[in-house]
Each structure stands twice: as C-alpha cells, then as structure tokens.
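Undergrad: coords please:
(chains A and B)
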Amino acid sequence: MSKQRKAAVLVSGGLDSMLAVRVLQEQGIHVEGINFYTGFCVEGHTHAIRKKDQQKDKRNNALWVAEQLGIKLHIVDIIEEYKEVLINPKHGYGANMNPCLDCKIFMVKKAVEWMVKKGFDFIATGEVVGQRPMSQRKDTMPVVANESGAEELLLRPLCAKNLPPSLPEREGWVDRESLYDFSGRTRKPQMALAKEFGFEEYATPAGGCCFLTDERYSVKLVDLWNARGSRDYEMDDIMLLKVGRHLRPAPHFKMIVSREEGENHFLQGYKNRYTTMYCSDFTGPLVLIDGSASEEDLELAGRITARFGKGKSAPEVTIVVREPGAEPREIKVAPLPPSQVDKGWYI
Amino acid sequence: MAHYTIDTKGLLCPMPVIRLQDRAETLQPGDQLEVLSSDPGALNDIPAWCRINGHSVLKKGQEGREVRVVVELGNGTFSS
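TA: Predicted coordinates for the structure are as follows:
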C-alpha cells in the first residue's frame, strides 16, 4: 500500500480554499489547514467592536470551513513579520495599499516552513489562474511558486490543468486528471463544484477579506505614515484605523471619534496609552488623541468633541481630558459650529 | 492535570484562539486552560477550535464584557 501523502492547504475561509481541500481529500490526501493572521484581516473585528453588529451571528470562517471539512486548522500569527511585506513590497501595491503578490509569496513561504517542520509533503492553495488582477495571473503564479521557495511543491488543484504539472502530480501523489482547469474571474465553476460536493453554505468569496484592499482604510494608513514621517506601525495603530471617525485638525495630531457605544468601549481600552476626552454634561463620543497635542490643540479637539455630542448647540460644555499618567481635568469650551469643521480634516 | 489561565482581554479574534493554540502546544492532554477575553467572538471561535482539534469545552460564559472559556486538552483527535 502506498504511503498516504500529507498536504498543508492555505485556508482563508472562502470557497476556493474550501474546494481545494475537498478535491485533495477526494484523492485520499491527508489535509491540514493553515490560516495566517496579518492583523489586517476583516474577519470579525468590526463585529467585535460595533454594538449594532454584536447581535449578528459571528463566526471565524476559516475555523468554520475546517470543521465542515473535518480537518485541523493552524492559525498563525504573522503580524510582526508581515510589516516588512506591507512596508516594502517588492512587487508593489494593488489599487490601494494591498501588496497582494508579495502577501501571497510570503504566506506560501511561511507555509513551506510549516510543511518542513511538520513533515508534510506539499502545499496547496485555492488559487485560480486569472482570478485576481495581481496575485493570480498566468504570469504571477509562477512567481509565487519560485519566490516563496515552494517551487514544484505548490499545487493549485482548481486550475492545475492550466499549469505545468507540479511534483505531486508527476510523482503520482495526486491524480492530475482528477484536478481542474478553472480560469478567469467567473465563479460559476466553483459554485458548480461546491454543489457537487454538497456545500450548501460558504462565505462570500474574494476581495473583502483584507482591510488593505479598502480605499478608506488605505487612506488612513498612508495618513498615519505621513504624519509620523515613518512607514511603520504597531498592532494598536492598525486596530485603531478600523474604529471611529478620523479627523486631523493639524499635522501633528489626529482625533479618533467614536460613533457609538461599542466603539466607546473599545477606545476606553486605550485610555492608559493615549490622551482621551469626552463631554461630561451631555451625551457624546469618547475621543482619542493620537499625536502630541498642545493645550491649544486640546481646546480645539474639545470643541470638535462637543460638536459630535448632544451638547453641540449649547453655548459652553465641560470636556474631561485624561492624559496618560495624570489625573483627569476639565476644560470649558464652546462647541465648534459645523461650518467651522473643515472637511479637509476628515481622513 | 494542571489548570492554567491566559488573559487575552483587549485582543480581538482570532488572537485569543492563537494564544490558546500556542499555549496548548506546550501542555499535556488533560490539562485545563482558562481563557479570559473581551471579544464575545471567543465564545464561538474557541469552541470551534476545540472541536476541530479534539479538545473539550468544560465551561463558557460571559459576565458583563468579560468572556471566560475553560478548555480541557484532548489528544488531538478531530471530534466533530
């Protein structure tokens, strides 16, 4: 009896990787999933923060997919290492700050390391040639295989017949004839195969899984880098870019204004690291100040804070300012009239 | 059998699962790990992770904004 081969499949939680796993399982391959967490994954975060979304049935799609398929899933934290990918992408960015090709190369490279460490035989992905404008093109898919170091050990079961045979195919670990020849942006073949496998439910495919593909998010990230004069970030920075309204009234400080109770609670978690403020005599947002704000800046920020609260029409309100390591103090300000809130402050 | 606690409050999913997974790799079957989290998503994600990795959830609940899940490590066999 021949040895059962083992494949590590990159599982995103979407349909394509789900299908790739099942195609290999059909051939008797032992499959385990790897899911990489960059910090920019959309998965669940806004659900966790915003109150209106907390009632929604929330699940991690990669875990859900693994459970449906009966495979183990290994979630790998690559937040720190991913910085270099985002800050200096060799192959550049997509439409926004999404370094899709470098990202895919990096993830496959990490999967290769995992494969070697765990004694697996090859890597597989749910990639389909021609499906994505940057990382899944006929000319870039070999780049992923080469630059990741996976070389011929990278198999794409959904489009294998459109590519030269990989080692698992040539060695007969998998039957090439039973693999697929999907190509292009159409989702119909995947949906048909999902039906064939009896998958009645799966996550909405493609594109929406990474904040870096989001234009508004990308603008905020670039603003952060410009303001700091450095293309660097910490986990807190990228989390905070997902929350609230962002206004920059001056180059050296930014305000993050919560939009609802859930965001208020979330920003509270940062009160020991950032200056925060809120209006104490009317309902309103919690505001976090990022940067070095002078007393004059804090007064302006207080006036803007008041503008977003119920006291916006009052002649004067009390703003509580809490700076890290200091006792909270109060300042009296006149809410800024809407006409004086410069549209250019919004990031 | 030993009981350990990991505090993941302030982290959003899947980080609580990652912290649990990484800690579990250093422990033995039968050991218990109590995970504290501020993300209600942990109430779904940790049990899902346990089911696919052959571990058991002994207790889970939420008090105010704090989520608490107690996991007993199994032998790594898929249990769904």
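Undergrad: OK, now which residue of chain B is nearest to chain A?
TA: As assessed by CB to the nearest CB, chain A sits closest to B:Ala48 within chain B, at 4.2 Å. C-beta: built from backbone N, CA, C; applies to glycine.
Undergrad: would that residue count as being in a strand?
TA: No: B:Ala48 sits outside any strand when classified using DSSP: H, G, I helix; E, B strand; the rest coil, being helix.
Undergrad: how about the nearest residue to A:Lys332, chain neighbours excluded?
TA: Residue nearest to A:Lys332 in three dimensions, not counting chain neighbours: A:Glu316, with 5.5 Å by CB to CB, 6 or more residues apart in numbering or on different chains.
Undergrad: coming back round to it: would you check that the residue of chain B closest to chain A makes contact with A:Leu63?
TA: Yes: if you go by CB atoms under 8 Å, B:Ala48 and A:Leu63 touch, sitting 4.2 Å apart.
Undergrad: What ranges does the chain have for its helices?
TA: No chain was given, so I picked chain A. A:15-26, A:45-49, A:51-54, A:61-69, A:79-87, A:100-118, A:141-148, A:167-170, A:188-197, A:215-228, A:235-240, A:261-268, A:295-307 (DSSP state H).
Undergrad: ah, I was thinking of chain B
TA: Counting by DSSP H, the segments of chain B that form helices are B:15-24, B:42-53.
Undergrad: Any chance you could list what contacts stretch A:300-307?
TA: The contact list for stretch A:300-307 (CB atoms under 8 Å, 6 or more residues apart in numbering or on different chains) reads A:247, A:249-250, A:253, A:255, A:257, A:277-279, A:282, A:284-285, A:287, A:289, A:293, A:312, A:314, A:317, A:319, A:321, A:331, A:333-338, A:341.
Undergrad: Select only the buried ones of these in PyMOL?
TA: Command for PyMOL, covering only those of the contacts of stretch A:300-307 found buried under the criterion 16 or more other CB atoms under 10 Å in any protein chain shown:
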select buried, chain A and resi 247+249+253+255+257+277+278+279+282+284+285+287+289+293+312+317+319+321+331+333+335+336+341
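Undergrad: out of the contacts of stretch A:300-307, which are inside strands?
TA: Counting by DSSP state E, those place A:247, A:249-250, A:253, A:255, A:257, A:277-279, A:287, A:289, A:317, A:319, A:321, A:331, A:333 in strands.
Undergrad: just these that are near chain B?
TA: Contacts with chain B within those, as defined by CB under 8 Å from any CB of the partner chain: none are present.
Undergrad: ok, now how distant is the residue nearest to A:Lys332 from chain B?
TA: A:Glu316 sits at a distance of 33 Å from chain B (criterion: CB to the nearest CB, to the nearest Å).
Undergrad: likewise A:Ala334?
TA: 35 Å.
Undergrad: what about that residue, distance to A:Val317?
TA: 8 Å (CB to CB, to the nearest Å).
Undergrad: is chain B contacted by the top strand by length along chain A?
TA: Scanning chain A for the longest strand, with DSSP E as the assignment, gives strand A:30-37. Yes: counting by CB under 8 Å from any CB, contacts between strand A:30-37 and chain B involve A:Asn35, A:Tyr37.
Undergrad: ok now that strand, how far from the chain's centre?
TA: 17 Å (CA atoms, centre = their mean, to the nearest Å).
Undergrad: Pull up the pairing partners for it, direction included.
TA: strand A:6-10 (parallel), strand A:73-77 (parallel) (DSSP bridges).
Undergrad: Low-confidence regions, chain B specifically.
TA: Scanning chain B for pLDDT under 70 picks out B:76-80.
Undergrad: Contact residues of it facing chain A?
TA: B:10, B:12-15, B:17-18, B:21-22, B:38-41, B:44-45, B:48-49, B:51-53, B:65, B:76, B:78, B:80.
Undergrad: Recalculate using a threshold of 6 Å.
TA: Taking CB under 6 Å from any CB of the partner chain as the contact definition, chain B meets chain A at B:10, B:12-14, B:17-18, B:39, B:41, B:44-45, B:48-49, B:51-53, B:78, B:80.
Undergrad: Can you tell me which of those residues are buried?
TA: For these, buried by 16+ other CB under 10 Å: B:12-14, B:17-18, B:39, B:41, B:44-45, B:48-49, B:51-53.
Undergrad: can you give me phi and psi for the residue lying farthest from the centre of chain B?
TA: No residue in chain B sits farther from the centre than B:Gly64, which is 18.8 Å out by CA atoms, centre = their mean. When read as degrees, to the nearest 10, the backbone of B:Gly64 gives phi 60, psi -120.
Undergrad: Quick one: the helices of chain A as JSON lines, columns for mean neighbour count and mean pLDDT too.
TA: Formatted as JSON lines, the helices of chain A follow (neighbours: other CB atoms under 10 Å in any protein chain shown; pLDDT from 0 to 100):
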{"stretch": "helix A:15-26", "mean neighbour count": "24", "mean pLDDT": "97"}
{"stretch": "helix A:45-49", "mean neighbour count": "21", "mean pLDDT": "59"}
{"stretch": "helix A:51-54", "mean neighbour count": "14", "mean pLDDT": "62"}
{"stretch": "helix A:61-69", "mean neighbour count": "24", "mean pLDDT": "94"}
{"stretch": "helix A:79-87", "mean neighbour count": "16", "mean pLDDT": "93"}
{"stretch": "helix A:100-118", "mean neighbour count": "20", "mean pLDDT": "96"}
{"stretch": "helix A:141-148", "mean neighbour count": "19", "mean pLDDT": "95"}
{"stretch": "helix A:167-170", "mean neighbour count": "19", "mean pLDDT": "98"}
{"stretch": "helix A:188-197", "mean neighbour count": "15", "mean pLDDT": "96"}
{"stretch": "helix A:215-228", "mean neighbour count": "17", "mean pLDDT": "94"}
{"stretch": "helix A:235-240", "mean neighbour count": "18", "mean pLDDT": "89"}
{"stretch": "helix A:261-268", "mean neighbour count": "19", "mean pLDDT": "89"}
{"stretch": "helix A:295-307", "mean neighbour count": "21", "mean pLDDT": "97"}
